[in-house]
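Visitor: Fold the following, please.
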Amino acid sequence: MHISLTPELEDIIKEKVASGLYNNASEVVREALRFMKTNEELIYHMKLNSLRAKLADGESDFEAGRYTELAQEDIGSFFQTVKNKAQVLAGLKNRGKSAQKYGAE
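Guide: Coordinates of the predicted model:
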């Protein structure tokens, strides 16, 4: 198998081997892949736990009467409003990231 790496990634691998923690580049790559797999599983379980917590919050809100009933004809406009708000928030977040990237914040 042959892989292509950016010069930055090659430098990281060389640094790890030079540190003496790894004997060669293959060991570094294998360890990185094991870490990635473990990290992906951890993130999956964190997201799953967060979703379960949000569902429990929603269930509690429903049982406590904290909800709004919508008529079938109002559902489309309700979700359009939610979508618009999400797009505004995403735009604000992206603008903040751009500003940070260029040192404006």
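Visitor: Name the residue closest to the centre of this structure, please.
Guide: Centrality entry for the chain: nearest residue to the mean C-alpha point is Ile43, 8.2 Å, by C-alpha atoms, centre = their mean.
Visitor: Now do the buried residues in the helix or strand harbouring it.
Guide: Using DSSP states H and E, Ile43 maps to helix 25-63. The neighbour-count check on helix 25-63 (16 or more other C-beta atoms under 10 Å) flags Val28, Val29 as buried. Any C-beta I mention is one placed from the backbone N, CA and C, and that applies to glycine too.
Visitor: Now do it: which elements does it pack against?
Guide: helix 7-18 (3 or more C-beta pairs under 8 Å, 6 or more residues apart in numbering; DSSP states H and E).
Visitor: Distance from the helix it packs on to the middle of the chain?
Guide: How far helix 7-18 lies from its chain's middle: 26 Å, per C-alpha atoms, centre = their mean, to the nearest Å.
Visitor: try stretch 28-46
Guide: Centroid separation between stretch 28-46 and its chain, computed with C-alpha atoms, centre = their mean, is 14 Å.
Visitor: Need the contact partners of it.
Guide: Residues from elsewhere that reach stretch 28-46 (C-beta atoms under 8 Å, 6 or more residues apart in numbering): Ile3, Ile12, Ile13, Lys16, Val17, Tyr22.
Visitor: switch the cut-off to 6 Å
Guide: If you take C-beta atoms under 6 Å, 6 or more residues apart in numbering as the criterion, stretch 28-46 is touched by Ile13, Lys16, Tyr22.
Visitor: where does this structure dip in pLDDT?
Guide: Within the chain, the stretches falling below the threshold (pLDDT under 70) are 96-105.
Visitor: got the domain boundaries for it?
Guide: Using automatic domain parsing, the domain ranges for the chain come out as 1-67, 70-105.
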